[in-house]
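**Student:** Fold the stuff below for me.
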Amino acid sequence: MNLLRIFLVCIFALGLGACRKKTETVEKEVREAGYAMTVDGWFEAIRTNDVSVMKKMVKGGFETKTKGPGDLSGLHVAAETGSVEAAEYLLNRGFSLDVKDAEGRTALMHAVLTDRKDMVKWLLRQGANPKIKDNNDFMALMLAVTTGRDGAVEQLATYHREDLDSALLLASLVGQSDVIDTLTNYGASVYARMENGRTPLMLAAQNGHHEAVALLMDIGASRFATTESGDTAQSFAVAAGHDEIAAMIEKGFGGEALALESAEEVEKAMEEYLAEYQPGPGEAANEDLPASNEASKPFSVPETGPHGDDREIETEPGLSRANSGDNDGGSGSEAEASRKFSKSTGVTTLAGARVSNPIPQLAADTASGTTQPAAEKQEELPLVMRHYRQRELPVEVKKVSGDVASLRIAGAEPKEVDIRAGESIPDSRLVVVRVFSRTETGKLNQGQPIEVGVVEVEDKDSGLKREWIAGRSASSHDPVALVEDSATGRHYIAKPGQKFFTDDGREFVVSDVRPSQLVIAETATGEVRTLRLRGPKG
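**Tutor:** A predicted model of the protein is given here:
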């Protein structure tokens, strides 16, 4: 028994000696490579992406999950230095992809904060969770916004469809114009609002961000939107002492702004806007996006022409961005559902579906801003919403009393005027056709009849007519969406009330066009689908 014990002790001692010799050999090799078998040496090997040294250290007994000050792990270091091979080695050894440091930040957040766009992309592809929040309640996207990392924002945007408007408000608050541009490219709406009613343009103007204000106006933000207290982007700029920004916002408040737009003008503006963001020759569109669950089957696009002939409507690929506004309705000219509109038949096509004119009752409800479908879900339709547009005007109908309408016209010094039928709106090409009241019902007034004041105006130059409703934002045309056939890349204009039929025979109607989504109801079942605004690149 004693001989056996002596034998085992000898074997153990020989093993320890061999291990020591092996460790000493590894330490020597690590030193010769310019590192040390310490936490600092481990992190330095990761920073330089020296996987061979990392393997030697592990072979020598170094623990891969060792953390440094602030609970910083090797994966955090790899992320913030863009060391992809080192990060991959750690993950292959069972490292948690979403490990947190002392501030609650993940490797993805470290890649964002150090502006490692390619590492952000790689981590997302490995399955990093972009919705995790740090100890300050910030997700990776919001960290990217506040630090102006527009490259990281571009990678993260498609994982945050529901957070893009909040991100845009934050970007406008801190004045990150490059981030604003990226967010709106991926579906953030320039008409997003905070709980207090402030829009991105108001936030940028109030905080003196000149470049952000210019960009927001250029991509369609309304200078005339107001909070419940009546404040505008210009008034916020004036109150904060940003006179140059206030003057920039005021440009165009006069006659040119007070004009109605035809369907053709709206379509042209949307096409020109989106064309700027189409991929160039040899560039792949959306190659880094997560797999879409939208169908890829192309639509047929027939239209009945004025002579009854069926023909294909060619729409040039290229359009979109995120605008927004209130559905104040009115009797504005009909928006086209496809590249052309057949006024003789009232029938056109939307993405391979025959589209009819709005159903009268639905059109009236939508015009009142009361169409609010109860249950919505994302639809697997071969359509992508690329752009929303509804241009607000610097005028508001405050009230209607008999045949007199009280209008408030925006400007550096807002003015209120009383006007009757036959009179022109000051400093504009618009003339009042009628002033009257009518009864409407809808969700906003809980289905109860309510009397609303209406002012019908006509553009003297174009002959276009439109109704403005008291208490709602006045606009130059109905809200419209630009939708894309995801298989063919063709674009079509959609408006509330249009019907269309899919290739499998189902009938749908566009029940609402909102700043961030197109709401579509299936006629047979009443089931509501939504197409979320994706932006020109989303």
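**Student:** quick one: Leu156 is in a helix?
**Tutor:** Yes: using DSSP: H, G, I helix; E, B strand; the rest coil, the assignment for Leu156 is a helix.
**Student:** out of everything not next to it in sequence, what's closest to it?
**Tutor:** Of all residues not flanking Leu156 in the chain, Leu141 sits nearest, at 4.6 Å (Cβ to Cβ, 6 or more residues apart in numbering). In short, each C-beta sits where N, CA and C put it, glycine included.
**Student:** Within the helices and strands, which one has the residue nearest to Val400 when sequence neighbours are not counted?
**Tutor:** Once flanking residues are discounted, Val400 sits nearest to Gly453: 2.7 Å by Cβ to Cβ, 6+ apart. Take DSSP states H and E as the rule and Gly453 turns out to sit in strand 450-459.
**Student:** tell me what the helix or strand following that strand is packed against?
**Tutor:** As assigned by DSSP H and E, the chain's next helix or strand after strand 450-459 is strand 465-469. Packing partners of strand 465-469 (3 or more Cβ pairs under 8 Å, 6 or more residues apart in numbering; DSSP states H and E): strand 392-401, strand 450-459.
**Student:** buried sites along stretch 415-431?
**Tutor:** By neighbour count on 16 or more other Cβ atoms under 10 Å, the buried set for stretch 415-431 is 419, 425, 428-431.
**Student:** what about that stretch, distance to the chain center?
**Tutor:** 37 Å (Cα atoms, centre = their mean, to the nearest Å).
**Student:** Do me a favour and get the end-to-end distance for that stretch?
**Tutor:** 17 Å (Cα to Cα, to the nearest Å).
**Student:** what do you get for stretch 206-222?
**Tutor:** Distance between the two ends of stretch 206-222: 15 Å, counting by Cα to Cα.
**Student:** next one: that stretch to chain centre, how far?
**Tutor:** Taking Cα atoms, centre = their mean, one finds stretch 206-222 lying 16 Å from the centre of the chain it belongs to.
**Student:** avg pLDDT for it?
**Tutor:** Taken as a whole, stretch 206-222 carries a mean pLDDT of 93.
**Student:** List the contacts of it.
**Tutor:** 171-177, 180-181, 184, 190-191, 198-201, 204-205, 223, 233, 236-237, 239-240, 242, 244-245, 248-249, 273, 321-323, 325, 389, 391-392, 473 (Cβ atoms under 8 Å, 6 or more residues apart in numbering).
**Student:** List the buried residues of it.
**Tutor:** For stretch 206-222, by 16+ other Cβ under 10 Å, it's 206-207, 209-210, 212-213, 215-217, 219-222.
**Student:** tell me the two of the residues you listed that are most distant?
**Tutor:** Asn207 and Gly220 (20.3 Å; Cβ to Cβ).
**Student:** which one of the helices and strands packed on strand 465-469 has the lowest average pLDDT?
**Tutor:** strand 392-401 (a mean of 88).
**Student:** distance between the following helix or strand past that one and the chain's centre?
**Tutor:** The first helix or strand that comes after strand 392-401 along the chain, using DSSP H and E, is strand 404-409. On the basis of Cα atoms, centre = their mean, strand 404-409 sits 35 Å off its chain's mean C-alpha point.
**Student:** Please apply the same query to stretch 115-128.
**Tutor:** 20 Å.
**Student:** Same question for stretch 172-184.
**Tutor:** Distance, centroid of stretch 172-184 to centroid of chain: 12 Å (Cα atoms, centre = their mean).
**Student:** ditto for stretch 233-248
**Tutor:** That offset, for stretch 233-248, works out to 26 Å (Cα atoms, centre = their mean).
**Student:** before we move on, what about stretch 192-202?
**Tutor:** 15 Å.
**Student:** Please enumerate residues in contact with that stretch?
**Tutor:** Counting by Cβ under 8 Å, 6+ apart, 165-166, 168-169, 171-172, 180, 190-191, 203, 206, 213, 216-217, 221-223, 225-229, 231-233, 236, 249, 324, 515-516 sit against stretch 192-202.
**Student:** what about 7 Å?
**Tutor:** Contacts of stretch 192-202 with the rest of the structure, by Cβ atoms under 7 Å, 6 or more residues apart in numbering, involve 165, 168-169, 172, 190-191, 213, 216-217, 221, 223, 225, 227-228, 233, 236.
**Student:** any low-confidence regions in the stretch 1-150 of the chain?
**Tutor:** The model of the stretch 1-150 of the chain has pLDDT under 70 over residues 1-24.
**Student:** follow-up on the earlier one: between the buried residues of stretch 206-222, which sits nearest Thr525?
**Tutor:** Scanning the buried residues of stretch 206-222 for proximity to Thr525, where the rule is Cβ to Cβ, the winner is Gly220, at 34.8 Å.
**Student:** Just among the contacts of stretch 192-202, which is most surrounded?
**Tutor:** Ser172 (34 neighbours; other Cβ atoms under 10 Å).
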